[in-house]
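S.K.: Prediction below, plus the sequence it came from.
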Amino acid sequence: MPPNLTAEPVIAARALTKHYGEFAAVDGISFEVPAGEAFGLLGPNGAGKSTTMKMIGGVSQRTSGELSIMGLDPERHGPEVRAHLGVVPQQDNLDEELRVRDNLLVYGRYFGLPMSYLKPKVDELLEFAQLTEKAGAKVDSLSGGMKRRLTIARSLINEPKILLLDEPTTGLDPQARHILWDRLFRLKESGVTLILTTHYMDEAEQLCDRLVVVDKGRIMAEGSPATLIREHSTREVLELRFGSERNTTVAADLEGIGERLETLPDRVLIYAADGEAALEQVTARGLHPITSLVRRSSLEDVFLRLTGRSLVD
Amino acid sequence: MTNSLSVEDYRLTGRPRTLGALYSRNARAVIARGLRATKSSNWMVMVSGFFEPVLYLLSMGVGLGALVGTVTGPGGSEISYAAYIAPALLAVSAMNGAVYDSTWNVFFKMNFAKLYQGMLSTSLGPLDVAIGEIFLALLRGALYATGFTAVMGVMGLITTPWALLMIPASVLIAFGFAAFGMAITSFMKTFQQMEWVNFVMLPMFLFSATFYPLSVYPQPIQWFIQALPLWHGVELLRQISAGVFTAATGVHVLYYAAMIGIGVVLTTGRLRALFLK
């Protein structure tokens, strides 16, 4: 469902800041999210993504700025705001003393929802999370991917209008990630607004309609993944490895090839519209990398361009 | 996602309230969760908590009591040593249960199980969680007190119907310790700091006129013991067990009322600081 841009934003943040003592974890960020959009906060660890999520959920008080969730201030209306939210924290915090089904049931009770509503809802969510057979199992017997799916199912018990996902697939194997992405995609199709933090660019590219790149508590850029890549990077990237000793020394000889050059400890990146053509120029200069790879630009490149650092260090 | 019942029929709607960010009037969901968890995993801890004071009563009251004979109880009547220490043991058990629930248990759920973090992602506020946890501690205390009072009855240590009041009085004692314990736990960051709780509890148990009258101490030490909460609990239950009520009874009750008041205010403030930082 394409987001309706004329509608009231479900989340509006203006000049939002959060200080811990002298340290500014969030340093004056502003953004709006219309209903039904999948909105991403992309940035490295410590960029202020989780802090922003906590302020949206009303479990962290802002230092200054304005924040409105469905027209309410989460600081003054914590319980009411959270009644519309589903929260998937960075680390699973399932109730280990309860079984799988009871985790969903009890969580629904925290929202004050009656059993008559919860009983069919729990079955439906177990189905959605592909955990129907595990309904009576203990939580600690589940695999990492299952726990993650149960956490997401749990966050949906109150049919949230907004789902907050903090690093939803960190620590999962590729197959488990794809199952999860599929589930999140279905939610998006059903009209749930997704707010997602991640430091995986493939995840951001897969799921987000629009995202902000965050670094050191500030927004560096904003747009759809495709727009960001178009604006801040070239179409293709040529990755060259000369061995860790030589990458820096060779970089000088590569000057002038492509539009831009980036030297990382383990490789040299050449940004060019045509990667193959750039590679021909490199070999024409008598330089022979150990490996070479031409790929399309990703959000990783955007981040590198904007901050001079990699996303995952 | 279609449902005959829509979530909109039940969803909490925006309406400012006092304590709006802290409380959603749904502590019963926290209580229900505790009961469900107890049913599936915690019942061994529960059972051992009941037997502890009973074992003390058998060993000290009956065993040691054979050597001691009778002692002067509240109101001046001669009572058996077992009847003398039984109410004190009940007060200790109320204290231990409440302190365990509100310190170690809360500390673990807060810092390791991240249980409260999950609860506070829902409509629940910190005050719902605090009320729910304290209520669970009190419910457990009430069960222990009922069981122990029944044991006293079977052993012939109950001589007056007033003794039944020991059950609500135990809950009052437990409430005082639970409210205060939770406030203290909210300041604790490490297991080493938690050890201080035990460091305070054991001497308080041994020296709060639990096994012998306060008069054995020199005056300054008597004052010190009288300032401690357990002594008031021991004296309160001892008086009730004999059906002897004096002005001191009121003082003991007020001591706990104050402890509850301060504890609840402190806990609420700390929860705000901890969870809405």
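M.R.: Everything's here; your move.
S.K.: thought B:Ala248 was touching B:Val234?
M.R.: No. Using C-beta atoms under 8 Å, B:Ala248 is not in contact with B:Val234; the gap is 12.0 Å. Quick note: C-beta positions are derived from backbone N, CA and C, even for glycine.
S.K.: With neighbour numbers in mind, choose between these two.
M.R.: B:Val234 (28 against 14; other C-beta atoms under 10 Å in any protein chain shown).
S.K.: For the helix or strand in which that one is found, C-alpha coordinates in PDB please.
M.R.: B:Val234 belongs to helix B:229-242 when assigned by DSSP states H and E. Extracted in PDB, the C-alpha atoms of helix B:229-242 (Å, rounded to 0.1, in the frame of the first residue of the first chain):
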ATOM      1  CA  PRO B 229      11.600  -2.400  61.700                       C
ATOM      2  CA  LEU B 230      11.700  -6.100  62.500                       C
ATOM      3  CA  TRP B 231      11.500  -5.500  66.300                       C
ATOM      4  CA  HIS B 232       8.200  -3.700  65.700                       C
ATOM      5  CA  GLY B 233       6.900  -6.600  63.700                       C
ATOM      6  CA  VAL B 234       8.000  -9.200  66.300                       C
ATOM      7  CA  GLU B 235       6.400  -7.200  69.100                       C
ATOM      8  CA  LEU B 236       3.200  -6.600  67.100                       C
ATOM      9  CA  LEU B 237       2.600 -10.200  66.400                       C
ATOM     10  CA  ARG B 238       3.600 -11.300  69.900                       C
ATOM     11  CA  GLN B 239       1.000  -9.000  71.400                       C
ATOM     12  CA  ILE B 240      -1.700 -10.100  68.900                       C
ATOM     13  CA  SER B 241      -0.900 -13.800  69.600                       C
ATOM     14  CA  ALA B 242      -1.700 -13.300  73.300                       C
END
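S.K.: Where does B:Ala145 sit: helix, strand or coil?
M.R.: helix (DSSP: H, G, I helix; E, B strand; the rest coil).
S.K.: From B:Gly269, how far off is it?
M.R.: 30 Å (C-beta to C-beta, to the nearest Å).
S.K.: more neighbours, these two?
M.R.: Taking neighbours as other C-beta under 10 Å, B:Ala145 and B:Gly269 compare with B:Ala145 leading, 26 against 12.
S.K.: which stretches of the stretch 101-250 of chain B form helices?
M.R.: B:106-111, B:115-119, B:126-154, B:166-185, B:191-207, B:219-227, B:229-242, B:247-275 (DSSP state H, counting those that start in this stretch).
S.K.: residue boundaries of the strands in the stretch 51-200 of chain A?
M.R.: Under the criterion DSSP state E, counting those that start in this stretch, the stretch 51-200 of chain A carries strands at the ranges A:64-69, A:85-88, A:162-166, A:193-198.
S.K.: Let me know which of these is the nearest to chain B.
M.R.: Set against chain B and scored by C-beta to the nearest C-beta, these come closest in strand A:85-88, at 3.8 Å.
S.K.: if you look at that closest one, does any of it touch chain B?
M.R.: Yes. Judged by C-beta under 8 Å from any C-beta of the partner chain, strand A:85-88 comes into contact with chain B through A:Leu85, A:Val87.
S.K.: Not counting that strand itself, show me its contacts.
M.R.: Outside strand A:85-88, the residues that touch it by C-beta atoms under 8 Å, 6 or more residues apart in numbering or on different chains are A:56-57, A:69, A:151-152, A:155-158, A:160-166, A:168, A:192, B:121.
S.K.: Of those residues, which qualify as buried by neighbour count?
M.R.: A:56-57, A:69, A:151-152, A:155-158, A:160-166, A:168, A:192, B:121 (16 or more other C-beta atoms under 10 Å in any protein chain shown).
S.K.: one step back: can you put the helices of the stretch 101-250 of chain B in JSON lines and add mean pLDDT and distance to chain A?
M.R.: Formatted as JSON lines, the helices of the stretch 101-250 of chain B follow (pLDDT from 0 to 100; distance: least, C-beta to the nearest C-beta, whole Å):
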{"stretch": "helix B:106-111", "mean pLDDT": "83", "distance to chain A": "9"}
{"stretch": "helix B:115-119", "mean pLDDT": "89", "distance to chain A": "4"}
{"stretch": "helix B:126-154", "mean pLDDT": "90", "distance to chain A": "8"}
{"stretch": "helix B:166-185", "mean pLDDT": "93", "distance to chain A": "19"}
{"stretch": "helix B:191-207", "mean pLDDT": "89", "distance to chain A": "19"}
{"stretch": "helix B:219-227", "mean pLDDT": "96", "distance to chain A": "38"}
{"stretch": "helix B:229-242", "mean pLDDT": "96", "distance to chain A": "30"}
{"stretch": "helix B:247-275", "mean pLDDT": "89", "distance to chain A": "6"}
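S.K.: As TSV, those with distance to A:Glu96 would be great.
M.R.: Formatted as TSV, the helices of the stretch 101-250 of chain B follow (distance: least, C-beta to C-beta, whole Å):
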stretch	distance to A:Glu96
helix B:106-111	10
helix B:115-119	9
helix B:126-154	17
helix B:166-185	20
helix B:191-207	19
helix B:219-227	41
helix B:229-242	33
helix B:247-275	20
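S.K.: which stretch among those comes nearest B:Ala32?
M.R.: helix B:126-154 (8.7 Å; C-beta to C-beta).
S.K.: Go through that closest one and flag the buried ones.
M.R.: In helix B:126-154, counting by 16+ other C-beta under 10 Å, buried: B:126-142, B:144-149, B:151-152.
S.K.: Quick check: phi and psi on the closest residue to A:Glu167 other than its chain neighbours?
M.R.: Excluding the flanking residues, the one nearest A:Glu167 by C-beta to C-beta, 6 or more residues apart in numbering or on different chains is A:Gln90, at 4.7 Å. For A:Gln90, the backbone dihedrals are phi -60, psi -40 (criterion: degrees, to the nearest 10).
S.K.: mind listing the helices in the stretch 201-313 of chain A by residue range?
M.R.: Under DSSP H, counting those that start in this stretch, the stretch 201-313 of chain A gives helices at A:201-207, A:225-232, A:247-253, A:275-284, A:299-307.
S.K.: one step back: buried stuff in the helix holding B:Val234?
M.R.: In terms of neighbour count (16+ other C-beta under 10 Å), helix B:229-242 has its buried residues at B:229-242.
S.K.: Output the residues you listed in CSV; the columns should cover distance to A:Ser224.
M.R.: Shown next, in CSV, are those (distance: C-beta to C-beta, whole Å):
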residue, distance to A:Ser224
B:Pro229, 63
B:Leu230, 66
B:Trp231, 70
B:His232, 67
B:Gly233, 66
B:Val234, 70
B:Glu235, 73
B:Leu236, 69
B:Leu237, 70
B:Arg238, 75
B:Gln239, 75
B:Ile240, 73
B:Ser241, 75
B:Ala242, 80
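S.K.: Without its sequence neighbours, what residue ends up closest to B:Gly147?
M.R.: Spatial nearest neighbour of B:Gly147, excluding adjacent residues (C-beta to C-beta, 6+ apart): B:Phe50 at 5.2 Å.
S.K.: again with A:Ile152
M.R.: Of all residues not flanking A:Ile152 in the chain, A:Val88 sits nearest, at 5.5 Å (C-beta to C-beta, 6+ apart).
S.K.: B:Ser121 now?
M.R.: Computed as C-beta to C-beta, 6+ apart, the closest residue to B:Ser121 that is not its neighbour in sequence is A:Val87, at 3.8 Å.
S.K.: For the one you found, give the beta-bridge partners.
M.R.: A:Leu164 (DSSP bridges).
S.K.: How many residues are close by it?
M.R.: A:Val87 has 25 nearby residues by other C-beta under 10 Å.
S.K.: likewise the one 4 residues further on?
M.R.: The number of residues packed near A:Gln91 is 11, by other C-beta under 10 Å.
S.K.: any idea how far it lies from A:Gly108?
M.R.: Taking C-beta to C-beta as the measure, A:Gln91 falls 22 Å from A:Gly108.
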